Structure formats: structure tokens, C-alpha cells
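Trainee: A predicted structure for the sequence below; I have some questions about it.
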Amino acid sequence: MTKSAVLEKNQKIVVKNLNRLNLLSDECEVKITNAGLCSSDIARGCADGAYFYPLIMGHELSGEITRVGFNAKDEFSIGEKVCIFPLLPCFGCSACKQKKYALCHDYNYYGSRCDGGFSERLNVKKWNLLKLPNNVSMQDGSLVEPTSVALHAIKRLEMNPNDASHLCIFGAGFLGLISIQIITSLYPKCKVTLVDRNHFKLDIGAKYGATSKWVGDRDSWELFLSENKDCFDNVVELVGVSDTFSAAIHVASESARIVWAGNISGDLVLPKLQVSSILRKELTIIGTWNSIYKGNSVCDWSESLDLISSGLKPSKLVSLKIRLEEIDGTLKKLYDHKCRKSKFDVIKVLVEPNK
């Protein structure tokens with residue numbers, strides 16, 4: 001048996017003992033050590049965002065291999081520490097044939113489209129497993145996934161190591177805060193402005209060297225927009241609301257690059273004048289939603305692991321560690337905070353399924 005937190009219906013997670021699944025020949029069983037709560041889990045668990053019920057969520061994962069399938073024995077051994085790339089590509093579509101697996105036309109996904117890691121154990125395809133270096137902790141290992149998403153978005157800006165541009169980041173959640181640390185490491189001359197409505201998060205961003213801009217009410221938002229029109233060489237949108245998508249265009253300077261990475265929560269309508277602004281400023285708007293994974297080959301995941309091995313510590317952004325039994329209540333607190341019903345200031349929550 002394995003204990004799992006099962007999303008039975010919207011806003012109802014029940015911890016159950018389930019039968020361990022048979023291990024396929026190309027899989028390894030992973031004892032999940034740490035599993036990050038993602039903002040997408042809030043929508044999935046509390047806002048009717050699941051594809052189906054029941055579902056075991058959890059896609060930011062690290063753990064220890066406890067069983068090895070016959071066809072995985074040449075690559076993995078019991079006791080090895082791993083992180084998990086959650087997307088399961090079809091390997092047959094045009095994107096997969098170009099090794100652009102995150103753009104797969106018919107993918108599966110641990111924790112979303114199939115059961116994930118809010119469980120003591122998870123059977124994982126060997127292709128999706130990446131060994132952790134000895135100097136990378138299990139906590140940092142579980143955060144390779146969101147760190148890789150942030151790194152991928154930043155790389156789409158195509159900055160050079162000596163870039164001294166002004167960059168604006170909308171959103172001071174985990175992705176925004178780890179982005180500041182990545183930029184500081186890779187582009188030390190770059191000047192970062194961080195925009196959010198949460199003082200708690202902005203204060204953390206300031207500690208990492210960003211200029212924090214609070215926009216917690218309409219007056220402060222309008223003031224920021226008026227003071228920063230056409231000011232930034234690069235802009236990254238990580239919030240996912242129409243106001244910040246639109247604002248990214250407003251604050252971008254001539255020939256700026258804009259990365260839209262936030263998972264949008266509503267329709268975006270651009271007025272004629274703003275479309276004209278895109279044309280006249282010759283802006284480049286780039287969409288991104290995931291990361292590049294190629295196993296042991298050079299990719300966003302291997303580069304994120306290199307950064308972590310060299311001193312980047314995404315685990316420093318962990319605010320809270322919880323057990324499986326606490327997921328239901330914690331997700332509801334996060335949802336109420338997002339809906340502005342009550343306050344719950346955290347950056348990243350880690351689930352420890354085997355505690």
C-alpha cells in the first residue's frame with residue numbers, strides 16, 4: 001500500500017492508502033521525498049481546474065529510487081536521488097520529432113493528466129528521471145521543475161552575459177523571485193524592477209537586489225504605469241491576469257522583448273492604441289509555458305541543476321513544509337489568499353509525503 005492525497009472532487013482532498021501499482025519495465029518506483037505546491041495546483045484543486053476526478057496532484061518532485069524496472073537497470077539503481085520531469089510526451093508528433101517535448105501535441109502529465117507525486121511513491125518512466133548531483137538537496141531537487149520554467153523564460157529574452165539592460169518582472173511569487181536570482185547569477189549588470197501587490201514578497205525580492213514596486217491599489221498601479229511608460233528593455237509577465245499582460249506592453253521600450261509566461265486566467269482584450277504601440281515600438285512578444293528537457297543532454301533542466309550546484313538555492317524560498325494530511329487545508333488557505341478573502345503569506349510550500 002502507499003499513502004496518497006486524492007483530490008476526490010473540487011475542494012475535497014482525502015488521504016487514502018492505495019494499492020501500489022505494478023512496475024512497468026521502463027519505470028522506476030520513486031519514494032517521494034519532497035513535492036512542491038504549484039500555483040496551478042490551487043486552480044486544479046480549488047477552482048474546478050482538474051481534468052478528471054479522482055486525481056493525485058503534484059508535479060514538482062524529488063525522491064529516492066526504491067524499485068527499478070527490468071529495462072531501466074542499466075541506467076538507475078536503488079537508492080539514487082532523482083528529480084522528475086513531469087511531462088510525458090507522445091514522441092511521435094512533429095514537436096517531439098524536433099525534440100521540443102514541452103510543445104508535444106498529445107502529452108500526458110504527472111499530477112495533472114495522470115496521477116502525480118502527492119503520494120508516498122510514484123512509478124515514473126525512466127526517461128523522465130534525472131539524477132541529482134551529490135551537493136543538491138532533495139528540497140532543491142524538487143524545485144528544479146519551477147526553476148527550469150523560470151530559466152527558460154529568461155533565456156527567451158536572449159540577453160548576453162554583459163547585458164546592462166533594465167528588466168521588469170511582473171509577479172513576485174516563486175517564479176519571479178527565483179528569476180531575480182538567476183538573472184543576478186547570469187547577467188550581473190542587469191537592473192531588475194519587481195512589481196507586485198504583496199509587500200511580503202516584494203521585501204524578499206529586494207533582498208535579492210531587485211527594485212520593488214508596490215501596486216496594491218488602483219492609485220499605486222496608475223502611478224507605476226505613468227512613471228514607467230516605455231522604460232524597460234525587457235519585460236517578463238508571470239502573473240497571468242489581463243492587466244499585467246497589457247502593462248507589459250505599456251512599460252516596454254522601443255524594440256523591447258516581452259515574455260508572457262503567466263498562465264492567463266481570463267480574456268485579454270487589446271485596444272487599438274495598444275496594438276498600434278506594439279507596431280510602432282516594434283516589440284517582440286514571446287510566449288512560454290514550460291521548459292526544455294532532454295534528459296542528460298544540455299537543456300534547461302541540466303543548466304538549472306548546474307546553477308543549483310554552483311550555489312543557487314531555490315529551497316531558501318520555501319516558507320512551509322507540510323504532510324499529506326495538511327494539503328487540503330493549505331490549498332484552501334492559498335486559494336482564499338488568491339481570492340483576497342484572507343491573508344496567507346507564503347512563497348513556496350513543500351509537501352513531505354513520507355513524513
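Mentor: Done, it's in.
Trainee: avg pLDDT for the longest strand seen in the chain?
Mentor: Longest strand in the chain, counting residues (DSSP state E): strand 27-37. What strand 27-37 shows for mean pLDDT is 98.
Trainee: and the helix or strand just after that strand with strand 27-37, angle?
Mentor: Next along the chain after strand 27-37, taking DSSP states H and E as the criterion, comes helix 39-46. Put simply, helix 39-46 runs at 90 degrees to strand 27-37, going by axes from the mean of the first three to the mean of the last three Cα atoms, to 10 degrees.
Trainee: follow-up on the earlier one: the longest strand of the chain pairs with which strands, parallel or anti?
Mentor: As defined by DSSP bridges, the strand partners of strand 27-37 come to strand 60-68 (antiparallel), strand 121-125 (antiparallel), strand 348-351 (antiparallel).
Trainee: Please work out the average pLDDT along the shortest one.
Mentor: Here the mean pLDDT over strand 348-351 is 98, rounded to a whole number.
Trainee: what sits up against it?
Mentor: Outside strand 348-351, the residues that touch it by Cβ atoms under 8 Å, 6 or more residues apart in numbering are 5, 34-37, 58, 118, 139, 142-143, 174, 314, 317-324, 327, 330, 334. For glycine as for every other residue, the C-beta is placed from the backbone atoms N, C-alpha and C.
Trainee: so what's K9 bridging to?
Mentor: For K9, the beta-bridge partners are K12 (DSSP bridges).
Trainee: Repeat that for L194.
Mentor: I169, S212.
Trainee: ok, which stretches of the stretch 251-355 of the chain are strands?
Mentor: 252-260, 284-287, 318-322, 348-351 (DSSP state E, counting those that start in this stretch).
Trainee: can you redo the ones you listed as CSV with distance to N296 and mean neighbour count?
Mentor: Shown next, in CSV, are these (distance: least, Cβ to Cβ, whole Å; neighbours: other Cβ atoms under 10 Å):
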stretch, distance to N296, mean neighbour count
strand 252-260, 27, 20
strand 284-287, 27, 14
strand 318-322, 27, 16
strand 348-351, 26, 24
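Trainee: Include distance to M159 when you put the ones you listed into a markdown table, please.
Mentor: Formatted as a markdown table, those follow (distance: least, Cβ to Cβ, whole Å):
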| stretch | distance to M159 |
| --- | --- |
| strand 252-260 | 9 |
| strand 284-287 | 13 |
| strand 318-322 | 28 |
| strand 348-351 | 26 |
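Trainee: Nearest to K125 among those strands would be which one?
Mentor: strand 348-351 (21.6 Å; Cβ to Cβ).
Trainee: Just the CA trace of the closest one, in PDB.
Mentor: The C-alpha trace of strand 348-351 is given here as PDB (Å, rounded to 0.1, in the frame of the first residue of the first chain):
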ATOM      1  CA  LYS A 348       6.600  28.100  -1.700                       C
ATOM      2  CA  VAL A 349       5.100  25.200   0.200                       C
ATOM      3  CA  LEU A 350       6.800  21.800   0.100                       C
ATOM      4  CA  VAL A 351       4.900  18.500   0.800                       C
END
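Trainee: which one of the strands paired with strand 27-37 lies closest to D230?
Mentor: Closest to D230 of the strands paired with strand 27-37, according to Cβ to Cβ: strand 348-351, at 33.8 Å.
Trainee: roughly how far out does the closest one sit from the chain middle?
Mentor: Remark: strand 348-351 is offset 12 Å from the chain centroid, using Cα atoms, centre = their mean, to the nearest Å.
Trainee: same check, this time on stretch 173-187
Mentor: So, by Cα atoms, centre = their mean, the centroid of stretch 173-187 is 12 Å from its chain's centroid.
Trainee: could you show me where the helices are in the stretch 201-350 of the chain, in order?
Mentor: Taking DSSP state H, counting those that start in this stretch as the criterion, the stretch 201-350 of the chain carries its helices at 218-227, 242-251, 272-280, 300-309, 327-338.
Trainee: Give me the contact list for the first one.
Mentor: In this case it means helix 218-227. Helix 218-227 has contacts (Cβ under 8 Å, 6+ apart) with V195, K213, W214, V215, D243, A247, H250, V251.
Trainee: List the buried residues for stretch 337-345?
Mentor: Within stretch 337-345, the residues that count as buried by 16 or more other Cβ atoms under 10 Å are H337, F344.
Trainee: Can I get it as CSV, trimmed to CA atoms?
Mentor: The C-alpha coordinates for stretch 337-345 follow below in CSV (Å, rounded to 0.1, in the frame of the first residue of the first chain):
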residue,chain,number,x,y,z
HIS,A,337,-5.5,34.4,-0.2
LYS,A,338,-5.5,34.4,-4.0
CYS,A,339,-9.2,35.5,-3.9
ARG,A,340,-8.3,38.1,-1.3
LYS,A,341,-10.7,36.6,1.2
SER,A,342,-7.9,36.1,3.9
LYS,A,343,-4.2,36.6,4.2
PHE,A,344,-1.7,33.7,3.9
ASP,A,345,1.8,35.0,3.1
